[in-house]
Structures are given as C-alpha cells and as structure tokens.
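A.B. asks: Whatever this is, show me its structure:
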Amino acid sequence: MSTKDQLNNILDEMRGVFANMAPDATKQLAQEITNARRILVYGVGRTGLALQGFAMRLMHLGLDGHFVGQLSAPPVGQGDLLVCSLALGKLPTGDAIVASAKAAGARIAVITARPQIVLADLVIGLPAQTMADPMTSMLPLGSPFELALTLYCDLTVIELMRKLNLGNADLAARHANLL
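C.D. replies: Numbers count the residues shown, from 1 in each chain. Presented below is the predicted three-dimensional model:
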C-alpha cells in the first residue's frame, strides 16, 4: 500500500471519529473555557503531549492556560476549569487529579473514548481506538485517539478564535520569540 493510500485510510478513519462525535463538542468545550478564570490541562503519555500543545494555544489566545505538572502551573480553585484526557475513562493518576480539582471548586471537562463511565461537568466523547481496544486501525496502539485528540483541540482553538474575535496574527503576537 502506498503512503498516499495509507494517509487516505487514516484521514477516512479520522472523518469517522468526528462524524460520530456530538456535533457541538467544540462549542461546548470552548464555552467552558471562555467561562473559566483559569484553564488547567492534564494528560499523560502521548495524549499529554497533545494537551501540552493545547495549553500553549490557550496562552496564544491570551487565556490563562497551564499544563498540570509544569513548574509555572498555579493552584486550581473556584472558577477554574480542568481539561483532562482520560482515554479509557479511568486512570489512577487522572482520577486523583480530577478529584483534587473538584475538591478545590474547579469545573471538570474530560475528553475520553469511554464517555459512559466518566463523571464530570462536561464529558466529550472522542470515539477513537485506544490501546485497550482491538487493533483495527493501521495506526499503532492508541495513535488514533491521540491524533483525534490533537485535531479536536485544534478545532476547539478555531472555535475559541471565532468566539474571541481573534486571528492568526493575534496568536502569533503571543508566540515565543526566544528560539
């Protein structure tokens, strides 16, 4: 199979994931984010890497966004939002972070492949293959979920840009320049 055919298969798979999501999923998360005082983002492994990029984009949007575990992350509290990726719906470290944020008064948004087992203020079902699923994708292990998560986060950024009336130049003005 050619690289072009492989890419087309992957793109078809991603189209299927997004066709099976709630049609207002990006608008829901964007609304939670714009209502929040601060946004703290949490994930581990490759989903954590995707969410670190999302936290960076929140900063580019001029929002008070942070990745949990970074040295500069502030404490979570009332009026804040924790955005957490729990691909399998449950994860000991993720569950502990969610419980701590909830106890501090924050709202919780969870992005997961198993929305039926998650308790949060907002649950975003992202119906993509995870490591725990039968391997039907040509992508390895949990890559389908990780790729879909990256795309979902960028789609949410696009929705936030619309809501906040910002363009790429506004985001670029907040981009790092000490590289």
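A.B. asks: Backbone dihedrals for the spatially most central residue of the chain, please?
C.D. replies: Nearest to the geometric centre of the chain sits residue 153, at 4.9 Å (Cα atoms, centre = their mean). Main-chain dihedrals, residue 153, degrees, to the nearest 10: phi -60, psi -40.
A.B. asks: can I assume it is in contact with residue 52?
C.D. replies: No. In this structure, residue 153 is not within contact of residue 52 by Cβ atoms under 8 Å, at 10.3 Å. For every residue, glycine as well, the C-beta is placed using N, CA and C.
A.B. asks: I'd like to know how far the residue nearest to the centre of the chain sits from residue 2.
C.D. replies: 29 Å (Cβ to Cβ, to the nearest Å).
A.B. asks: Now residue 139: closest residue in space that isn't a chain neighbour?
C.D. replies: Counting by Cβ to Cβ, 6 or more residues apart in numbering, residue 10 is the residue found nearest to residue 139 once chain neighbours are left out, at 6.3 Å.
A.B. asks: Residue 56 versus the residue nearest to the centre of the chain, what's the distance?
C.D. replies: 10 Å.
A.B. asks: ditto for residue 5
C.D. replies: 33 Å.
A.B. asks: Compare the two (neighbour count), which wins?
C.D. replies: Neighbours were tallied for residue 5 and for residue 56 using other Cβ atoms under 10 Å; the higher tally belongs to residue 56 (16 against 10).
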